[in-house]
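Chemist: After the sequence you'll find the predicted model.
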Amino acid sequence: MLNTNQNCNIGFVGLGVMGKNLALNLADHGYRVAGFDLDANKIQDVLDTEERERPDTKKEARIIGCSNMENMLSNLAKPRVVVVLVPAGQPVDIVCNNLIKAGIESDDIVVDCGNSQWTDTIRREAEYKDYFKFFGTAVSGGEVGARFGPSLMPGGDADSWKHLQPMWEAVAAKVDENGKPIISNTPGKPVTEGEPCTAYLGPNGAGHYVKMVHNGIEYADMQLICEAYHLLRSLLGYEPEEIGKLFAQWNQGELDSYLVEITADILQQYDAATGAPLVDMILDSAGQKGTGRWTSISATQMGVPAGIISESVYARALSTLTTEREHAAGILTAEVESGEIAAEDVEKAIEEALYCAKICAYAQGFQIMRAAEKEYDWTFNFSDIAKIWRGGCIIRASFLQRIADAFDGNRELENLLLNDYFADTMAKKQAGLRKAVVLAAQSGVPTPAFFSALAYFDGYRSEVLPANLLQAQRDYFGAHTYERVDGEPGQKYHTFWQEEGRPERKV
Ligand SMILES: NC(=O)C1=CN([C@@H]2O[C@H](COP(=O)(O)OP(=O)(O)OC[C@H]3O[C@@H](n4cnc5c(N)ncnc54)[C@H](OP(=O)(O)O)[C@@H]3O)[C@@H](O)[C@H]2O)C=CC1
Ligand SMILES: O=C(CO)[C@H](O)[C@H](O)COP(=O)(O)O
């Protein structure tokens, strides 16, 4: 293992999937990295890869391996910057405490680049402030993104950001003047032009919060695509390959996105062992690490309607009840309506449904962040958020340029659905969403995210909802009071339901 004691620009703790690739990305941009991992094989792996990929083999290594944290710190220029890329939760605190023991100083910056819960980031910034500056930067883009350009969502103190900004802007994904990702997945040939997919998002947990919402939207996006696939397969009897080709076609239009692109690819893949479509050989039980659930919980806690995101979390949970579902399938039947449906009409309806439901899901995501601004005293630039999601991250899509434009035009936009482009699109395409939901209901295909999207759209555009009846019910059984449509705002009334004549009094 190398230990050259030369000054490095940045240290890494954790050289797993994300740490290794982000370190190599930094090296490609001319930064010298000192890396440490508990697992010596991981250190060796990054050193071997760096050697293989080094553009000029005669030049010295751009990444050095360190046998412990003291060694890593001694290799870093001051103020030191240490990126932590270990599993979220307790390991991050273990690393922070180990850095303190290893002699980190109060001017040094420790950057948590994992999928940490934003409340942990807020706590950590305060807890470690006497020892070092704790800064959050959430990363999206998986392995390839980390290696060649992720979307970076930084949050923490503004001075630390000034120090980190040039590095983060260098390694982040880049988009061109039309908001399209500029891709180069060749080691040693990083993209240096274009607009970087990173922007300072605010203090303490702001970056991790925004990443969490990104993942909540990711859950919804993925679930909606899966429902579209399920409908096409069940209603039209299409094979995965056929659906893959259709998705590839949709990906040329408004649905252009990384998730639709990879779905098209996945569905055209066959299993080497059996010759069956690969998707049919994969167990239908979805995993989740928690970020989608956190988004749903945070929305619920703040009273933000985010049903599509929540339904997407529940859909994953329902999918894991494999044995129960097998049992229920033998007992519970569906009375389904069958009839002739023109394939072309169904395809068009599902394509429109996917776009409309996607708009509603993103609208919910941005509403969650708007509520979080008040809750945590942050001021988000929603246009910046949409812009830094245009490249590098899992939900990257050309559609995000539309969102950036919507907020550029009006920072105070109450809801994305009220922007001219989105309102107009919903007006033109909602028939497809309605049709998809009807077809799903009639044929017994579970499409909770599509249903939820339509209910959100119809609920949000309703001047009157049956919540008046609900308030009366609450007042009836619990004297919870209500306001009158003709009363002073805030003035509460209670009807004495059990008394003769049921008098109503101000409360
Ligand atoms: N993988 C992905 O696509 C994405 C992951 N993330 C997030 O990034 C973070 C890292 O993920 P990922 O790289 O996939 O995880 P990995 O498990 O691949 O890598 C984590 C590495 O950290 C090491 N480690 C754990 N504890 C310590 C410690 N105390 N000191 C030094 N090294 C330690 C682990 O060693 P050992 O294995 O020996 O424990 C392991 O090598 C997570 O928060 C994850 O949620 C974010 C975006 C995408
Ligand atoms: O952060 C990510 C991408 O943005 C990860 O891929 C994410 O952790 C995947 O989440 P889950 O395992 O819950 O599906």
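Modeler: That came through, no problem. Ligands and ions are numbered 1, 2, ... in the order given.
Chemist: Near ligand 2, which residues of the stretch 51-200 of the chain? Just list them.
Modeler: Listed as neighbours of ligand 2 in the stretch 51-200 of the chain under the rule Cβ under 6 Å from any ligand atom: Asn115, Ser140, Gly142. To be clear about C-beta, it is placed using only N, CA and C from the backbone, and glycine gets the same treatment.
Chemist: Gln223 looks like it's in a helix, true?
Modeler: Yes. Assessed by DSSP: H, G, I helix; E, B strand; the rest coil, Gln223 belongs to a helix.
Chemist: Surely it touches Ala317?
Modeler: No. Gln223 is beyond contact range of Ala317, at 11.6 Å (criterion: Cβ atoms under 8 Å).
Chemist: Could you list the domains of the chain?
Modeler: Annotated domains of the chain cover 10-204, 209-460, 467-506 [automatic domain parsing].
Chemist: Start and end of the shortest one, how far apart?
Modeler: Okay, so that is domain 467-506. End-to-end distance for domain 467-506: 20 Å, by Cα to Cα, to the nearest Å.
Chemist: Report the buried residues of that domain.
Modeler: For domain 467-506, the neighbour count (16 or more other Cβ atoms under 10 Å) marks Asp475, Thr481, Tyr482, His494, Thr495 as buried.
Chemist: how far away is the closest residue to the last one other than its chain neighbours from Lys180?
Modeler: Okay, so that is Thr495. Distance criterion Cβ to Cβ, 6 or more residues apart in numbering; nearest residue to Thr495, sequence neighbours excluded, is Glu504 at 4.7 Å. Going from Glu504 to Lys180 by Cβ to Cβ, to the nearest Å gives 61 Å.
Chemist: which of the residues in stretch 397-411 are buried?
Modeler: Buried residues in stretch 397-411 (16+ other Cβ under 10 Å): Ala397, Ser398, Phe399, Leu400, Gln401, Arg402, Ile403, Ala404, Asp405, Ala406, Phe407.
Chemist: how about it, does it reach ligand 2?
Modeler: No. Applying Cβ under 6 Å from any ligand atom, one finds stretch 397-411 separated from ligand 2 by no less than 13.5 Å.
Chemist: Now that stretch - C-alpha only, PDB.
Modeler: C-alpha atoms of stretch 397-411 as PDB (Å, rounded to 0.1, in the frame of the first residue of the first chain):
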ATOM      1  CA  ALA A 397     -35.400  13.700 -17.500                       C
ATOM      2  CA  SER A 398     -35.900  16.400 -20.100                       C
ATOM      3  CA  PHE A 399     -39.200  17.100 -18.300                       C
ATOM      4  CA  LEU A 400     -37.100  18.700 -15.500                       C
ATOM      5  CA  GLN A 401     -36.200  21.600 -17.800                       C
ATOM      6  CA  ARG A 402     -40.000  22.400 -17.900                       C
ATOM      7  CA  ILE A 403     -40.100  22.400 -14.100                       C
ATOM      8  CA  ALA A 404     -37.000  24.700 -13.900                       C
ATOM      9  CA  ASP A 405     -38.700  27.000 -16.400                       C
ATOM     10  CA  ALA A 406     -41.900  27.000 -14.400                       C
ATOM     11  CA  PHE A 407     -40.100  28.100 -11.200                       C
ATOM     12  CA  ASP A 408     -37.800  30.500 -13.100                       C
ATOM     13  CA  GLY A 409     -40.900  32.300 -14.200                       C
ATOM     14  CA  ASN A 410     -42.500  32.300 -10.800                       C
ATOM     15  CA  ARG A 411     -40.600  31.400  -7.600                       C
END
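Chemist: Any idea how far it is from the middle of the chain?
Modeler: In terms of Cα atoms, centre = their mean, to the nearest Å, the centre of stretch 397-411 is set 17 Å apart from its chain centre.
Chemist: Could you do stretch 148-155 as well?
Modeler: Worked out by Cα atoms, centre = their mean, stretch 148-155 lies 12 Å from the chain centre.
Chemist: quick one, strands of the chain?
Modeler: Assigned by DSSP state E, the strands in the chain fall at 10-13, 33-36, 63-65, 81-84, 109-112, 133-140, 151-155, 174-175, 181-182, 195-196, 493-495, 504-506.
Chemist: hey, what's the residue in the stretch 1-150 of the chain that ligand 2 sits nearest to bridged with?
Modeler: Relative to ligand 2, the nearest point of the stretch 1-150 of the chain is Ser140 (3.7 Å; Cβ to the nearest ligand atom). Beta bridges link Ser140 to Ser151 when assigned by DSSP bridges.
Chemist: Tell me who's in contact with Ile243.
Modeler: If you count contacts by Cβ atoms under 8 Å, 6 or more residues apart in numbering, Ile243 has them with Tyr229, Leu232, Arg233, Leu267.
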